[in-house]
Structures are given as structure tokens and as C-alpha cells.
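Asks: structure for this input, please:
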Amino acid sequence: QAMVSALRRVGLWPALAAREGLETVLGDDGFGLSAGQRARLALARAVLSDAPLVLLDEPTANVAAASVPVLHEVIVDLARARRVVVVTHDPFLAALADDRWEMTAPRPAEGSAHPCHGGTPAYGRDTAYEPDAPPAAQVPPLLRAPRGRRGLALACLLGGASVACGVALTATSGWLIVQASTMPVVLTLMVAIVGVRAFGLFRPVFRYAERVVSHDVALADLAERRADVFARLVPLTPARLGRRSRGEVLTTVVRDLDDVVDEQVRVTVPAWSTALATLVGAVLAWWHLPAAGTAVLVGAMALGALAAAGYAVERGAQQDAVEARGRVQHLVTSLTGRLLAVQAVTGLDADHDRLLADVAAAEREQLAAEGRLIRARAALITLTWTVLAATTATVAVLAWQAHGAGLLSGPYAALVALVPMALADAWADVPTVAGARARARAAAARLDAVLGQRPAVRGEGSGTPADTTVPELTLDGVSASWTPTTPDRLDPATADPAPRGPATLDLAPLDLELPPGSRVALTGPNGVGKSTALAVLARHLDPAGGTYRVDGDDATTLDLDALRARIAVVDDEPHAFAGSVRANLLLARPDASDEEILDALGTVDLGHWYATLPQGLDTLLTGLSGGERARLSLARAVLSRRPVVLLDEPAAHLDDVTAERALGGMLAADPAAGRSHVLVSHRATDLAGWDVVDLAERGSRRVESLASGA
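Replies: Got it, this is the predicted structure:
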């Protein structure tokens with residue numbers, strides 16, 4: 001009740017009640033809520049907290065203008081009983097404060113030329129290091145290990161040869177020892193002595209060769225699969241991965257893929273090596289005593305049945321253990337990755353047991369699941385050694401009886417009796433092989449659960465966009481949803497889409513025309529679909545209904561990369577990558593010169609900020625404010641020179657004056673006002689000179705120009 005009351009106060013409860021209420025599942029960084037709804041959720045936390053000091057960083061940013069007064073009331077109510085400190089660019093919120101401090105940016109040193117207006121960058125463009133060393137020596141073709149299926153087959157043969165040498169070494173050694181006890185002429189033992197030496201030398205040589213070939217095959221396959229997996233992840237982002245944490249995605253991609261590829265080294269090669277060596281041992285025993293060879297084969301078949309049963313048992317236990325481990329990792333990652341935010345809500349002296357209760361419960365589930373896995377593996381190991389002991393005893397008894405009946409001489413009886421013992425090392429690894437296969441199969445299923453989804457943007461089109469300077473974009477009754485309205489997976493048995501229920505639309509049917517040079521602002525309350533409309537325009541989301549046309553062509557029939565290359569996006573939470581200023585901006589246009597980069601920074605009012613950087617464009621980005629990240633993203637859009645620019649709350653973290661300079665500079669840099677701009681904003685001051693489309697109105701959206709009436 002307290003949580004619902006807090007959500008009602010900030011105006012978020014109606015949106016959640018329409019879904020699953022307090023049980024609504026949110027993804028990483030609040031995926032599933034708009035930026036304004038995430039701001040309200042954060043304020044609701046502050047309402048629930050009993051901390052005497054409340055620190056609010058831009059609490060009304062990205063919030064619909066009609067809802068801002070409600071949040072003002074909540075903040076004022078908080079201030080009646082607690083100390084509230086607010087960082088804001090909202091002048092109306094600032095006017096409600098008892099005390100106000102205005103902070104100014106540091107100014108560049110006197111006498112220094114402004115680097116964004118004719119100055120020289122501190123450092124030149126990064127250049128690739130080209131060593132003078134000669135190219136790497138080419139490996140002779142005869143020494144290159146084959147890869148793929150041929151390489152794997154060669155590794156299996158080498159592994160089988162190594163184990164078979166071990167069997168032959170043990171058996172021949174037994175024959176040699178017993179035969180030597182009869183004190184024959186030494187020359188009669190020379191062949192066996194040479195055989196023992198040869199088997200002893202070739203066993204490690206074959207093992208080393210098998211390791212080199214199998215690992216070369218596995219690592220080459222891993223490199224190819226990783227590239228393929230990341231290529232398949234890109235179309236799934238963010239719509240199909242949003243509710244998975246970064247930790248879950250990385251676990252699926254990295255750890256599970258490693259387990260899948262390791263199957264070649266830990267399952268295929270050992271299993272075939274054991275099978276080949278067992279066949280050699282059985283033939284060797286059968287050649288001298290058919291009953292002993294049959295006993296070895298029966299033991300091998302019993303071992304195979306145990307491996308199959310162990311695999312079936314471990315498969316279920318392995319899945320439970322991995323899911324439990326994933327829950328622990330998700331909870332720990334979420335808690336530690338946002339520890340400062342958690343401390344801001346709970347305080348430094350919070351009840352740690354309460355904070356860690358979910359983690360502790362998940363760890364108990366993980367220990368229980370891993371305990372079942374360990375017990376299954378222990379039972380399989382016990383049964384394996386039982387089969388091995390029974391086979392060894394049976395063959396020994398058969399050899400003893402044959403020797404007693406005069407069918408086998410002493411040396412050959414020793415040779416036959418030692419065959420199962422020589423196979424002990426290979427047979428003892430069967431539980432490990434079964435466990436590795438269970439782990440690999442479970443990992444492959446989890447990997448397929450992520451990568452097997454139908455992308456939010458299918459990208460099946462191959463048409464070339466029209467060769468126009470600025471494309472004309474048209475939305476004709478377009479609706480969209482971040483959850484699939486069509487089946488997101490295919491039935492593997494029939495290749496038909498698996499049935500799926502209807503999903504809630506995040507964007508109601510929208511009609512919108514954007515001729516070249518348009519400057520359109522999308523407005524409306526939080527959650528109405530403004531950012532979703534931008535995602536459709538940017539081809540980050542397929543329409544659930546209606547048609548999106550580019551120069552008259554259906555956008556879904558056009559080449560995805562070619563169309564996206566004409567659209568620049570400024571996100572509501574722009575990302576600054578770990579790297580230099582130059583590297584962050586060259587993402588927009590890799591061939592841009594330093595002068596063009598500096599012009600772009602000056603255009604969006606980052607000139608004074610750049611003047612404070614100790615190493616100019618080579619300065620590593622750390623500790624950027626929200627406003628600096630926003631303007632850095634605007635600079636990318638300016639530098640990209642793309643004909644369509646989509647802006648999602650670009651001024652939410654900027655004061656009015658800075659926002660006017662940054663947005664005005666970006667528009668002024670537009671040559672001959674030829675670009676099309678689409679803006680999402682809740683700030684009335686940002687809308688002057690823009691054609692406004694209110695998405696709160698149902699049906700056709702008509703453009704109402706504020707340029708003449710504002």
C-alpha cells in the first residue's frame with residue numbers, strides 16, 4: 001500500500017496498473033519505462049525513504065510538461081519534513097527553493113586561443129602504429145593443421161592413437177615382465193623391448209599433437225562463432241534484450257559460448273579417443289582370448305549406458321545450477337553496479353541483511369542445485385569404477401582359467417589381464433565427458449533462447465534508397481510495440497511461427513509526413529509513444545501496423561544499413577564511450593578532420609568545455625555531466641552530416657540559455673536548412689520555431705505550426 005501510494009503521488013501508478021502493477025518486470029536501466037517514467041520512479045523511492053537528506057538530480061527532466069507541477073508538489077512536500085537539495089535547470093522548480101546557488105563553468109586561461117575557433121588541437125590525430133618489422137613468417141602448408149571437421153577428425157585419431165599406445169605399452173610391459181621371468185635368450189625379448197620404448201615415446205607425442213590440433217580447431221571455431229553471435233545480437237538490441245541485464249547477456253554470450261565450443265575438446269575428442277582405444281584393446285584381448293575380448297566390449301557398452309544415463313541426469317541438474325547461478329549473478333551485478341544509487345536511497349547505515357536477503361536466497365538455491373549436480377556426478381563416478389573393476393576382474397579370471405587350461409601361456413595371460421587396467425585412465429574420464437556434454441547442451445539451449453528470437457527489425461530488405469539529398473519520410477497509420485505482436489520464434493519442428501498472444505501497442509496508429517527540411521516536434525504525456533515513434537523512424541523497430549515509407553518506398557523493403565546510414569540519432573540517455581574525445585566523435589564520421597571535430601564542438605556550445613581539457617582531443621572522457629553528454633551527442637549528429645536528425649530530449653539536462661545555444665547552433669549549421677529534424681521534448685521553450693505534433697490526440701496527427709503563432 002505504501003508503494004502504491006508513492007507511485008500515485010508521482011503519477012506513475014496508472015501506467016503500471018495497466019500492466020502488472022507492482023509485479024511489472026523492468027529490464028536493465030529501467031527498460032520498459034520511458035525516461036520520464038523512470039524519473040518518477042526514482043522520486044517515488046525518495047518518497048518511500050525516511051532519509052533526512054534527499055538529493056535530487058534533475059528530477060523533472062524528461063517529464064511531460066503537464067505532469068511537472070505534480071512533481072513540484074511532491075518535492076515541496078518532501079522539503080517540509082526533510083532537507084532537500086536539487087540540481088535542476090527547471091526555473092519553476094528553482095523558484096520554489098528557499099536558497100539558490102548558481103554554479104558557473106571554469107573559464108580558459110587568459111591569453112589562450114579558443115581551441116574551437118582557430119586554435120590548434122593539443123595533439124594530432126591518432127595514427128596507427130606501423131612497425132618496421134618484417135611480416136610474420138608464413139607457416140609451410142604441410143605444417144598447417146587442418147581445421148573444421150577434418151581437423152576434429154584428425155584430433156580424434158591422434159587422441160585414439162595416444163590412448164591405444166598406452167594400452168599397448170601396459171599390455172606389452174606385462175608380457176615382457178612375465179616372459180623375462182622364464183630367463184629366455186635376450187634376443188627373443190628385443191622386439192618387445194623395442195615395442196615398449198616405441199609405445200612409451202609415441203604416447204606423449206600423439207597426445208601433444210592431439211592437444212595442438214584440437215585446441216587450434218576449437219579456438220578458430222570460437223573466434224568465428226563469437227563474431228557470428230555478436231552479429232546476431234545487434235538486431236536484437238534493445239527490444240529483445242532490454243529486460244536482460246548486461247551480466248545475463250555477457251554470461252550467455254561469453255560463458256555459454258565457451259561451453260558450447262569446449263564440447264569439441266572436452267567431449268568429442270575424448271569420447272572418440274576412448275572408443276578407438278577400447279576397440280584396439282578389445283581386439284588385442286580377443287585375438288588371444290575371445291571371451292576376454294567379449295568381456296571388454298560388454299564393459300564398454302555398460303559404460304556407454306552409464307554415460308547416457310549420467311548425461312540425462314546431469315542435463316536437468318546442470319540447467320537448474322546455471323539458472324540459479326545466473327540469478328545470483330544478476331542480483332549481485334544489479335546491486336554492486338549501482339551501489340552508489342542504492343546507498344543514496346537506503347543510506348550508509350541500512351540494514352545489510354535486508355539488502356542482501358534476495359542474494360542470500362538465490363545463493364541457497366544455487367548451492368542446492370549444485371549439490372544435486374555433485375551428487376549425480378559422484379554416483380556416476382562410483383558406477384564407472386564399479387564397471388571398470390568388474391571388467392578387470394572378469395578378464396583376469398578368464399585369463400587365469402585359460403592359462404590353467406593350457407590355452408594361454410603365462411606372458412600372454414598377463415598381456416590379456418592388463419588390457420582393462422590399461423583402459424582405466426580413459427574409462428575413468430567418462431563421467432567428466434558426460435558432464436561436459438550436459439553442460440554444453442544446456443549452454444546451447446540458453447544461447448538459442450537468446451539468439452533464436454525474431455529481431456525487432458528483420459532487415460530483410462535489399463532495395464537501394466532513392467538517391468535524394470534529403471529523403472521524404474511518411475508514416476501511414478503506423479503503430480509499434482516493443483514486445484512482439486507477431487511470433488518472435490519459429491517452431492523448429494515445422495519452421496512455422498510459434499503462437500503468441502497480442503501485445504500492447506506502445507505507439508497508437510500515427511500519420512506523419514516529413515518532407516525535406518522539416519522541423520517537427522513530437523509532444524505528449526510520458527508513455528504515449530514519442531520515443532517509440534523515433535525508433536520506428538530510425539529503423540530500430542519494425543511497425544506493428546501501417547506503413548513507413550521513405551521517398552515513396554516501403555522502408556522494410558530497403559537495405560537496412562543503407563537507410564540507417566542516412567539517419568542520425570541523439571538519444572535521451574546518450575552514451576560516452578571509454579576513450580578520447582576524438583574517438584567518441586569519430587564514431588559519427590571516421591574520416592572527419594580535427595578541424596571539423598572542433599567546429600562541431602563549437603557549434604553545440606562545447607567550446608569552453610573543450611578549453612578546459614588538458615590534452616585536447618586526446619583527453620580521455622571521464623566524469624561527464626548529463627548536459628555535457630547531451631551536447632557531445634549533438635556534436636556527433638552535426639559531424640555526421642546525415643540528412644535526417646532524430647532528437648530525443650536533447651535539452652533535458654541543459655538550462656534554457658545553453659539549450660538555446662546548442663540547439664540553435666545545430667540548426668544554424670544545417671546548410672540551407674536542408675536537413676529534416678524530428679524533436680521529442682517536454683520543454684515548451686524548445687518548441688519555438690518547430691511544427692508540433694501532439695501524440696496525445698488519437699487518430700491522424702496534424703502538424704500545427706508554432707513558428708507563426710508562438
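
Asks: isn't A583 up against A592?
Replies: No - taking Cβ atoms under 8 Å as the definition, A583 is not a contact partner of A592, at 11.6 Å. (Each C-beta comes from the backbone N, C-alpha and C, glycine too.)

Asks: which one of those two is surrounded by more residues?
Replies: A direct count of neighbours by other Cβ atoms under 10 Å for A583 and A592 places A592 higher, at 18 against 15.

Asks: phi, psi for that one please.
Replies: Main-chain dihedrals, A592, degrees, to the nearest 10: phi -70, psi 140.

Asks: now for the helix or strand containing A399, which elements pack on it?
Replies: Per DSSP states H and E: A399 is located in helix 357-404. On a contact count with 3 or more Cβ pairs under 8 Å, 6 or more residues apart in numbering; DSSP states H and E, helix 357-404 meets helix 290-337, helix 410-422, helix 424-428, helix 430-451.

Asks: E596 is nearest to which of those helices?
Replies: helix 290-337 (36.1 Å; Cβ to Cβ).

Asks: give me the pLDDT value at the residue most central in space within the chain.
Replies: Nearest to the mean C-alpha position of the chain, by Cα atoms, centre = their mean, lies V249 at 3.5 Å. For V249, the pLDDT comes out at 72.

Asks: tell me which helix or strand it sits in.
Replies: Counting by DSSP H and E, V249 is part of helix 246-250.

Asks: can you give me the strands for the stretch 51-200 of the chain?
Replies: Listed in chain order, the strands of the stretch 51-200 of the chain (DSSP state E, counting those that start in this stretch) span residues 53-57, 83-87.

Asks: revised request: answer the last question for the stretch 601-710 of the chain.
Replies: Residue ranges of the strands in the stretch 601-710 of the chain, as given by DSSP E, counting those that start in this stretch, are 644-648, 676-680, 691-694, 704-705.

Asks: can you redo these as a markdown table with mean pLDDT?
Replies: Shown next, in a markdown table, are the strands of the stretch 601-710 of the chain (pLDDT from 0 to 100):
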| stretch | mean pLDDT |
| --- | --- |
| strand 644-648 | 91 |
| strand 676-680 | 91 |
| strand 691-694 | 87 |
| strand 704-705 | 38 |
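
Asks: pull the contacting residues for D553.
Replies: G463, P465, A466 (Cβ atoms under 8 Å, 6 or more residues apart in numbering).

Asks: tell me which of these is nearest to V269?
Replies: Closest to V269, out of all of these and judged by Cβ to Cβ, is G463, at 47.1 Å.

Asks: hmm, A555 and the closest one touching each other?
Replies: No - look at G463 against A555 with Cβ under 8 Å: they stay out of range, at 9.6 Å.

Asks: and those two? Which one has more around it.
Replies: A555 (26 against 15).

Asks: leaving out chain neighbours, which residue sits closest to the more buried one?
Replies: Y548 (4.3 Å; Cβ to Cβ, 6 or more residues apart in numbering).

Asks: still on that earlier bit, so can I have TSV of the contacts of D553 showing secondary structure, distance to R629 and pLDDT?
Replies: Below are these laid out as TSV (DSSP: H, G, I helix; E, B strand; the rest coil; distance: Cβ to Cβ, whole Å; pLDDT from 0 to 100):
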residue	secondary structure	distance to R629	pLDDT
G463	strand	36	83
P465	coil	30	85
A466	coil	34	82
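
Asks: what is the burial count for V416?
Replies: Counted with other Cβ under 10 Å, V416 comes out at 31.

Asks: contacts only, for it.
Replies: V416 makes contacts with A171, L284, A285, H288, L289, A292, V395, L398, A399, A402, L408, as judged by Cβ under 8 Å, 6+ apart.
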